[in-house]
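Peer 1: sequence first, then the predicted structure:
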Amino acid sequence: DAGVTQSPTHLIKTRGQQVTLRCSPKSGHDTVSWYQQALGQGPQFIFQYYEEEERQRGNFPDRFSGHQFPNYSSELNVNALLLGDSALYLCASSYSGTGGNQPQHFGDGTRLSIL
Amino acid sequence: GDSVTQMEGPVTLSEEAFLTINCTYTATGYPSLFWYVQYPGEGLQLLLKATKADDKGSNKGFEATYRKETTSFHLEKGSVQVSDSAVYFCALIKYNQGGKLIFGQGTELSVKP
């Protein structure tokens, strides 16, 4: 049973470029959340997708956008990259059923470096 | 707003020592509480959880009790191993407000043989 898978594992971009990160949720999960983890910090919530719509959003600018596909996989897009966007981007999936209080399972993340 | 505060690291222990990592939270309502662990180069793994006051979560020898009166969820283990070396994150979530996990800053644990 595959867990949460993310691609690519590492990515190097320059300022001003755009990037797309991908996530496949754990089998049976229908909800995907994205987090940004700066070096030495705890993860910060970016947004969550359910039924192909953004359900909740953290304190991130509009340069951060996302999408969820009918198969529940998800993409995170970041435009006009800044040096401060360098971080580990984590995808987490969960199942919305049985009251919705199911724990989130994380992938290994995509390490994004901005030069 | 809601927040989680953890004791600062790094915490360095000898093998078989007793571990406590302190975690306190600020939140309205009734959050669920979690401990996640992150090994070098990996994502976060759920270690244990507690969903209501006085619940005790446990896994792999680790334990934490949800104390509403002190707004705490301290992580403990009776005898640590070198393989427990990792960064530990305390987190809360309020499911009635969606699925946003709020994390502490993390505590690095280093266990020496």
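Peer 2: Arrived safely. Residues are numbered from 1 along each chain as shown, chains lettered A, B, ... in the order given.
Peer 1: OK, contacts around the residue nearest to B:L75 when sequence neighbours are not counted?
Peer 2: Excluding its sequence neighbours, the residue lying closest to B:L75 (Cβ to Cβ, 6 or more residues apart in numbering or on different chains) is B:I21, at 4.4 Å. Where C-beta positions appear, they are placed from N, C-alpha and C, glycine not excepted. Going by Cβ atoms under 8 Å, 6 or more residues apart in numbering or on different chains, B:I21 touches B:Q6, B:M7, B:V11, B:H74, B:L75, B:E76, B:Y88, B:C90, B:T107, B:L109.
Peer 1: quick one: pLDDT of B:I21?
Peer 2: B:I21 carries a pLDDT value of 97.
Peer 1: and B:D2, how many residues sit next to it?
Peer 2: By other Cβ atoms under 10 Å in any protein chain shown, the residues close to B:D2 number 15.
Peer 1: could you tell me which residues of chain B lie near chain A?
Peer 2: Residues of chain B lying close to chain A by Cβ under 8 Å from any Cβ of the partner chain are B:4, B:32, B:34, B:36, B:41-46, B:49, B:51, B:89, B:91, B:95, B:97-106.
Peer 1: contact partners for the closest residue to A:I114 other than its chain neighbours?
Peer 2: Leaving out its chain neighbours, the residue that sits closest to A:I114 by Cβ to Cβ, 6+ apart is A:S86, at 4.7 Å. A:S86 sits next to A:A38, A:L112, A:S113, A:I114 when contact means Cβ under 8 Å, 6+ apart.
Peer 1: lovely, talk soon.
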